[in-house]
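Novice: sharing a sequence plus its predicted fold:
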Amino acid sequence: MPTKAPKAVTASAALKLPEEEPKASRGAAKATRARRPRGQRVLAGWSAEELESRRVDLQSRLAAYLVHGRPRVILTDNLRTMLSIKKGQGVYTFRIHHMFTAAPPVILRSLARYAERHDAEAAALLRAFIDGNEHMIRAAKQPRQVDLDTEGAHHNLQEIFDELNERYFDGRIEARITWGPRAKRKRGRSSIKLGSYAVEDRLIRIHPVLDAVDVPRFFVAWIVYHEMLHEVHDMPIVDGRRVYHTAEFRRAEARFDHYFESVLWERTNLHKLLNR
């Protein structure tokens, strides 16, 4: 069930050190103001009004932490540079990924310290925040088109997904679901990945060995439920390694109605799945 880790945003690409803006003439300042509405395009599914509200709120919150100037915030959905800062005429211009609109105070304080003092500890905190919210960068990309195969010979994945989405997630899960490739099965294997969740494509794949008459529906639902949890639970980086199954994730797993039955069924029947 573990998923493949998405490619990390490198620290050098994620942040750019503050640099001085050249002094602008009055005419240049007017041109800058005229271009500003272009930065108000829709991001992350927000309307232009909501985007502007979030931008103003972040700008106001940042102002509380800057000591020697005032902030100007431009929100982006850049896939590579998450933060760049320019300073000119007492104004710090933050071109910043929209993930920062929900940043806690410690991150806003780090933004101010990074802008004013190039503080190394602040930079480390900002990179950790970016790593922890990398799923928001991937969400800016359009998912690949995939031919979905949901109606199996014995289990209908879309029906199972829809029931779980309604029961456990209030319909919030947006991922698509499909059976994995129905290739020739390998007998005698030592491991098998029964499900996966691709962050970039928001796609759940379920191994077709589960589409069998002797595999109970509750167990297929258990695998689907596990993968659905990946959409709503963070995958933080701890000691340089991405943690897919946090303590909070495991607690959510245990809320599945047939949790203990599913764990027991897997332990007693895994050898059958490996040999199919």
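Specialist: Now that the structure is in, tell me what you want to look at.
Novice: report the helix or strand with the lowest average pLDDT across this protein.
Specialist: Of the helices and strands making up the chain, the lowest-confidence element is helix 26-35, at a mean of 34, by mean pLDDT, DSSP states H and E.
Novice: which helices and strands does the following helix or strand past that one pack with?
Specialist: Following helix 26-35 in sequence order, the next helix or strand is helix 48-63 (DSSP states H and E). The contact analysis (3 or more C-beta pairs under 8 Å, 6 or more residues apart in numbering; DSSP states H and E) places helix 48-63 against strand 70-76, helix 105-117. C-beta: built from backbone N, CA, C; applies to glycine.
Novice: walk me through the domains of this protein.
Specialist: In terms of domains, the chain is parsed into 11-138, 157-274 (source: automatic domain parsing).
Novice: which of those domains has the lowest mean pLDDT?
Specialist: Lowest mean pLDDT of the domains of the chain: domain 11-138, a mean of 78.
Novice: circling back: could you point out which of the helices and strands packed on helix 48-63 sits nearest residue 62?
Specialist: Distance to residue 62, taken as C-beta to C-beta, is lowest for strand 70-76 among those, at 4.2 Å.
Novice: let me know the angle separating that closest one from helix 48-63.
Specialist: Relative orientation of strand 70-76 versus helix 48-63 (axes from the mean of the first three to the mean of the last three C-alpha atoms, to 10 degrees): 140 degrees.
Novice: can we start the residue count at 30 from this point?
Specialist: In the new count, where the first residue is 30, that last one comes out as strand 99-105.
Novice: now for strand 99-105, which elements pack on it?
Specialist: With contacts defined as 3+ C-beta pairs under 8 Å, 6+ apart, the packing partners of strand 99-105 are helix 77-92, strand 120-126.
Novice: what's opposite residue 126 in the beta bridge?
Specialist: Beta-bridge partners for residue 126, by DSSP bridges, are residue 105.
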